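Undergrad: sequence and predicted model, in that order:
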Amino acid sequence: MSIKEDIEKTKLVKNGYENDKYGKIYFHSNERLKDIFSQLDVKDKNVFTVLASGDQAFYFYDNGAKKVDLFDINKLSIYYYYLRVWIIKYLGRFYPRTLRNEFIKDLLDIVEVNSEEEKEAVLFWKKYIKNFSNGEINELLYFSENPFLNKINDVSNLASKLKEKKFNFYNIDISGKIEVPNKYNIIYTSNAADYLYHDKKTFESYRDNLDELLDDDGIVVCANVLRGRASIIEREVFSHKFLLSDLEYIEDKHFCGSPGYVYKRR
């Protein structure tokens, strides 16, 4: 699909018409990534993570992952990801202070393009500026009450990693038919299970895809966001191939419970 068509789909999303491949973008993650990553060893690991806001991938890089490939059903997520990457690399900030058109234009002026995919992202944002007015990007974004929950204050290490690391992006439904040639030590699904069609067949497809993508001793990491644990149907379906363990219980003034759970093969 061309950049022009992506812009047309973006206009539809802004006007409230989302579909399977295009939707609103997460400005930031509402998972407790600091608590989750404090309990994971990701150093030198090959990772397959949901893209979403990009926060998850950045945490993997910042914590020493060897390679981080990305997946998301939402095509617009990859364009926002490049915007985030440029802000980290060239401006030294984890989140943008503004996303007004003038800011995006000035940022594009200093981007050094290193791949065809990055070139496409630059073209997308150049067309975006021509087709959308200032402030309209807020209608494309999801925000939560605590937008800086996962902020990384010092991005110098992350910026260095982003300059040297290459990645693959797969615009896929992780519960559908997928073609991903690699295997991974860690798969991070965030709370993708909360958005799956709630039937046994869908969860079996989701489970089998993860099983196929995992390296021999790999793990699947899932976040608790909309609920405090995996659903009954997810637990039942996954139990045939995986053992589940909850991450350490956290209690502070903002949160009480486990931030996520991990699957390992039986």
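TA: Sure thing, it's come through.
Undergrad: could I get the contacting residues of residue 47?
TA: 60, 65, 66, 67, 68, 69, 184, 185, 186, 187, 188 (C-beta atoms under 8 Å, 6 or more residues apart in numbering). For every residue, glycine as well, the C-beta is placed using N, CA and C.
Undergrad: mind doing that once more with 6 Å?
TA: For residue 47, the contacting residues are 60, 65, 68, 184, 186, taking C-beta atoms under 6 Å, 6 or more residues apart in numbering as the criterion.
Undergrad: is it bridged to anything, and to what?
TA: In this structure, residue 47 bridges to residue 68, residue 186 when assessed by DSSP bridges.
Undergrad: how confident was the prediction at the residue nearest the centre of the chain?
TA: Of all residues in the chain, the one closest to the mean position by C-alpha atoms, centre = their mean is residue 51, 2.0 Å from it. We note a pLDDT of 98 for residue 51 in this prediction.
Undergrad: now do the same contact list for it.
TA: 70, 72, 77, 81.
Undergrad: going by neighbour count, which of the residues you listed comes out on top?
TA: With neighbours set by other C-beta atoms under 10 Å, the maximum within the contacts of residue 51 is found at residue 72, which has 26 neighbours.
Undergrad: tell me how far that one lies from residue 57.
TA: 10 Å (C-beta to C-beta, to the nearest Å).
Undergrad: just residue 105 next, same as before
TA: Counting by C-beta to C-beta, the gap from residue 105 to residue 57 is 25 Å.
Undergrad: what do you get for residue 103?
TA: 22 Å.
Undergrad: so between these two, which is more surrounded?
TA: In this comparison of residue 103 against residue 57, neighbours counted by other C-beta under 10 Å, the higher total goes to residue 57 at 25 against 16.
Undergrad: so how far is the strand or helix carrying the more buried one from its chain's centroid?
TA: Assigned by DSSP states H and E, residue 57 belongs to helix 55-62. Once both centres are worked out by C-alpha atoms, centre = their mean, to the nearest Å, helix 55-62 turns out to sit 9 Å from its chain's centre.
Undergrad: what's it in contact with?
TA: Defining contact as C-beta under 6 Å, 6+ apart, one finds that helix 55-62 is touched by 28, 29, 33, 37, 42, 47, 49, 68, 150, 158, 161, 188.
Undergrad: also stretch 120-138?
TA: 3, 7, 79, 82, 99, 100, 101, 104, 105, 108, 111.
Undergrad: recalculate using a threshold of 7 Å.
TA: Applying C-beta atoms under 7 Å, 6 or more residues apart in numbering, the external contacts of stretch 120-138 come out as 3, 6-7, 11, 14, 79, 82-83, 99-101, 104-105, 108, 111, 113.
Undergrad: farthest pair within those residues?
TA: Checked with C-beta to C-beta, those reach their widest spread between 14 and 113, with 26.4 Å between them.
Undergrad: who has more neighbours out of those two?
TA: In terms of neighbours (other C-beta under 10 Å), residue 14 is the more surrounded of residue 14 and residue 113; the figures are 16 against 13.
Undergrad: wouldn't the more buried one be in contact with residue 140 here?
TA: Yes. If you go by C-beta atoms under 7 Å, residue 14 and residue 140 touch, sitting 5.7 Å apart.
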